[in-house]
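J.: would you be able to build a 3D model of this:
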Amino acid sequence: MKKKIYLSIGVALMALIFAACSSNTEAGKDKNKPELVVTTTFLNDMVAVLEEGVEAFNTELIIPAGEDPHVYEPKASDLRALNEADVILYHGLNFEGRMTDVLNEGVSVTENFDTGTLEEMGYEEEIVVDPHFWFNLDLYKQAFERVKDTLIENNPEGEEQYEKNYEAYIAELNELDQYIENRIQEIPAESRILVTPHDAFGYLSTAYDMEVHAPQGISTDSEVSNNQIQKTADIIVDNNVKAIFVETTTNPDRMRRIQEVVASQGGEVELVGEGNELLSDSLAKEGENGDTFLSMYRHNIDIIVEHLK
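T.: This is a model prediction of the structure:
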């Protein structure tokens, strides 16, 4: 039986009015396969890894590569896909901030996390849980296992292949972990300070002993005050930070402003962007470096190390 999301009358009418827009997405689908909807590129990549050699589902991605899940507004076609899905996978932890109300019928890959393993951040007198768990590979493995179990539950015939794919990928994640450890050792201990637009790298900080700073807080859906910019600039000057980094899903102007404030204080810091942006809330577009989780993490680490060592 297909799961249903009960939409408000206004949203339901909008979905009906624009239903025709989804006709193109139906082309090429095997109507005998169940519909699997995922919210983010990270989950889409997990499913692709596990489904290799099985291909039991029609998988649809809601938030396209390069889009920011914190602020993504679901379209009528997205609501229709969610309403007709047999299985829905989403992050949770308020990562899909503006979609929370329409994801109640889905499976949150973070719902079984031990709360003691989650990072909490204080921002503007509010304590919030950091949703960017994928930069902690142990948590990413837990989410990956949750996806695997959900696929098996809905397609038990594919269990053997799903388990094989799972074990092979866990080995790749272990190799990635060692790669990250080795590369970060190239950065002098006093230079392991990562400054990015929004606070997406807290889990990386804990896992690999790097100090992180971000003027914007956990969500990209928040304003940056002059006070936050000044505090960040002071940290850069006081610690002789070599480089600060732009992310693909954030406005680079904020980091340029920080660079200007640093210069006004007699300091100098490199702004890393223009094709070398860090990937935080989304994988890269298909065909670009960083379009899988493994390549995304290596891309980020390589850029960070090359500019901080």
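J.: contacts and neighbour counts: CA atoms only from here.
T.: Noted.
J.: give me the three-state assignment for Leu36.
T.: strand (DSSP: H, G, I helix; E, B strand; the rest coil).
J.: state the number of residues packed around Leu137.
T.: 18 (other C-alpha atoms under 10 Å).
J.: okay, now the domains of the chain?
T.: 35-167, 186-308 (the TED database).
J.: so can I have TSV of these showing mean pLDDT and distance to Asn174?
T.: Shown next, in TSV, are those (pLDDT from 0 to 100; distance: least, C-alpha to C-alpha, whole Å):
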stretch	mean pLDDT	distance to Asn174
domain 35-167	94	8
domain 186-308	92	11
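J.: how is Ala263 assigned, secondary-structure-wise?
T.: Ala263 is classified as helix under three-state DSSP.
J.: JSON lines for the domains of the chain, including distance to Leu173?
T.: Output for the domains of the chain, formatted as JSON lines (distance: least, C-alpha to C-alpha, whole Å):
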{"stretch": "domain 35-167", "distance to Leu173": "7"}
{"stretch": "domain 186-308", "distance to Leu173": "8"}
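J.: nearest to Glu175, out of these?
T.: domain 186-308 (9.9 Å; C-alpha to C-alpha).
J.: and Val228, what does it touch?
T.: Val isn't right for residue 228; it's Gln. Pro215, Gln216 (C-alpha atoms under 8 Å, 6 or more residues apart in numbering).
J.: rerun that using 6 Å as the cut-off
T.: With contact set as C-alpha atoms under 6 Å, 6 or more residues apart in numbering, Gln228 has these partners: Pro215.
J.: relative to the centre of the protein, find the outermost residue for me.
T.: What lies farthest from the middle of the chain is Gly266; by C-alpha atoms, centre = their mean that is 35.6 Å.
J.: hang on, that residue in a helix?
T.: No: judged by three-state DSSP, Gly266 forms no part of a helix; its state is coil.
J.: next one: the spatially most central residue of the chain from Arg80, what distance?
T.: Central residue of the chain (C-alpha atoms, centre = their mean): Asp281, 3.4 Å from the mean position. Going from Asp281 to Arg80 by C-alpha to C-alpha, to the nearest Å gives 24 Å.
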